[in-house]
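K.L.:
Here's a sequence, model it:
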Amino acid sequence: MNTDQIVRTFTEYYEERGHRRMSGSTLLPPPGDPVLFTTSGMHSLTPYLEGRPHPLGRRLVNVQRCLRTTDLSEVGDRTHLTVFEMLGTWSLGGYEGPQSLDWGYGLLTEGFGIDPGLLHVTVFGGDEQVGPDTGSLDLWQDRGVPVELTVEDNWWSNGPTGPCGPDSEIFLWTGDTPPRSTPTRDDRWVEVWNHVMMHYRRLDDGTLVPLPQRNVDTGLGLERLQSLLQGRSSVFECDVFDPWRRLVPPLWQLDVPSLRLVCDHLRSSVVVIGDGVRPSNTGRGYVLRRLVRRVLTVLRRDDPHRGLGDLSKELVRHTLDRFGQDLDPDVVRQVLLDEERRFDLLLQRGRQVLSGRRFRGPLSEDDFHYLHDTHGLPRDLVLTLRPPQ
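P.N.:
You can find the predicted model right below:
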């Protein structure tokens, strides 16, 4: 299956079970949400998770584009992306967790044809506030799927306060041998799908109170799912990256992790620009600036003459079309080129500052703070200009 077929199979499966499809929103969260970007499909649903009736009913399904900066340091491995699409389902006070898990198991094994013997799950084992998730445990034992009980790894929250609850994560074996060990002990088990039993609200003092209704919130990454279904070695081999794999290597000779980072960050930058964000020194604009400058830092590491002027218009158009964004590719390319010029000016200033007498020896933490606060030179850029001595 390609990604479009996966989306269609997923949404139709849940529509047949009474779910109504919501349209995926932009990367920008609704007004009042404290996060900079949408990190999961639940952002627009918080009021409904807390009891407000949703206009489409209690059962929902959607495909939501997301951005996660918490994974930036991991981009370049085989499973992490900065911008990705999330397949999600919700029960707003309707069915309970075991029903959600049963449907999820059916879709994976029958709809997507995954061998049940390659699955392993984790379930919340209980702590001093909440007991073990026996409903999920019983369901998986009935299906014959091996279970690992954890505590921290199977409790989901969107922050220190707000809706939260135990979750059950489904993993797929990707090793060359028969399945062995457990998800927390062997990284060949790759997480496919998370089902959150969102039953609680955590208060400022850390205590838990029941939500007005017992919800279920599930999510699985589209690109990761497609790479697993096709037996690919990484998310960068799924079909949405086909033109990137074809057009980027001839432009810039890079090692595999660097090539993945460049493709991911440029693709993510296009999507962020397509949603109306422009580079700046704060907030969302700074996230975009950081993505672009990380690309330029990698490109210039081996060749100072590399630049974004070589970026194919086809790649920009393909990405905008994939995410349904109505923007001229030339506008996106101009934003990137303008940011590249600002980066070059920053490099010039950085070299001048670092050539001063104060910075001839090893740099201290005070030096890094001074360079950032006074001259706008972030640590990663300073280390590019002056590797550790």
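K.L.:
CA only for contacts and neighbour counts going forward, please
P.N.:
OK.
K.L.:
Could you report the separation of the residue most central in space within the chain from residue 288?
P.N.:
Centrality entry for the chain: nearest residue to the mean C-alpha point is residue 68, 4.6 Å, by Cα atoms, centre = their mean. Residue 68 sits 12 Å away from residue 288, going by Cα to Cα, to the nearest Å.
K.L.:
can you list residues touching both of the two?
P.N.:
Residues touching both residue 68 and residue 288 (Cα atoms under 8 Å, 6 or more residues apart in numbering): there are none.
K.L.:
and the residue at the greatest distance from the centre of the chain, backbone torsions?
P.N.:
Going by Cα atoms, centre = their mean, the residue of the chain most distant from its centre is residue 357, 43.0 Å out. Main-chain torsions, residue 357, degrees, to the nearest 10: phi -60, psi -40.
K.L.:
Next, count neighbours for residue 41.
P.N.:
Here the count is done by other Cα atoms under 10 Å, and residue 41 has 26 residues near it.
K.L.:
Surely it is in contact with residue 64?
P.N.:
Yes. Counting by Cα atoms under 8 Å, residue 41 sits close enough to residue 64 to count as a contact (5.6 Å).
K.L.:
so what's in contact with the two at the same time?
P.N.:
Common neighbours of residue 41 and residue 64 (Cα under 8 Å, 6+ apart) are 86, 88.
K.L.:
who's in contact with the host helix or strand of residue 292?
P.N.:
According to DSSP states H and E, residue 292 maps onto helix 283-302. Here helix 283-302 makes contact (Cα under 8 Å, 6+ apart) with 36-37, 69, 252, 258, 261-262, 265-266, 268-269, 272-273, 277-281, 306-308, 336, 339-340, 343, 381, 384.
K.L.:
Could you pull out the buried residues of it?
P.N.:
284-285, 287-299 (16 or more other Cα atoms under 10 Å).
K.L.:
which residue ranges form the strands in this protein?
P.N.:
All strands of the chain, identified by DSSP state E, fall at 20-22, 59-67, 83-92, 119-124, 147-150, 155-157, 162-173, 189-202, 208-221.
K.L.:
Packing partners of the fourth one?
P.N.:
Which is strand 119-124. helix 134-143, strand 147-150, strand 162-173 (3 or more Cα pairs under 8 Å, 6 or more residues apart in numbering; DSSP states H and E).
K.L.:
okay, the ones you listed, which one's buried deepest?
P.N.:
strand 162-173 (a mean of 24; mean count of other Cα atoms under 10 Å).
K.L.:
so where's the stretch 151-300 of the chain uncertain?
P.N.:
Within the stretch 151-300 of the chain, no stretch falls below the threshold (pLDDT under 70).
K.L.:
mind redoing it with 80?
P.N.:
The stretch 151-300 of the chain contains residues with pLDDT under 80 at 158-159.
K.L.:
before we move on, the earlier item: for the residue farthest from the centre of the chain, give its distance to residue 365.
P.N.:
From residue 357 to residue 365 the distance is 17 Å (Cα to Cα).
K.L.:
Give me the pLDDT for the closest residue to residue 87 other than its chain neighbours.
P.N.:
In space, and not counting its chain neighbours, residue 87 is closest to residue 63: 4.7 Å by Cα to Cα, 6 or more residues apart in numbering. Looking at residue 63, its pLDDT is 93.
K.L.:
List the contacts of residue 114.
P.N.:
Residue 114 makes contacts with 108, 229, as judged by Cα under 8 Å, 6+ apart.
K.L.:
shift numbering so it begins at 753
P.N.:
That works, and once the first residue is 753, the last one we named lands at residue 866.
K.L.:
Residue 1093 versus that one, what's the distance?
P.N.:
When distance is defined by Cα to Cα, residue 866 is 48 Å away from residue 1093.
K.L.:
Same check on residue 928?
P.N.:
Residue 928 sits 47 Å away from residue 1093, going by Cα to Cα.
K.L.:
Then residue 839?
P.N.:
Counting by Cα to Cα, the separation of residue 839 from residue 1093 is 37 Å.
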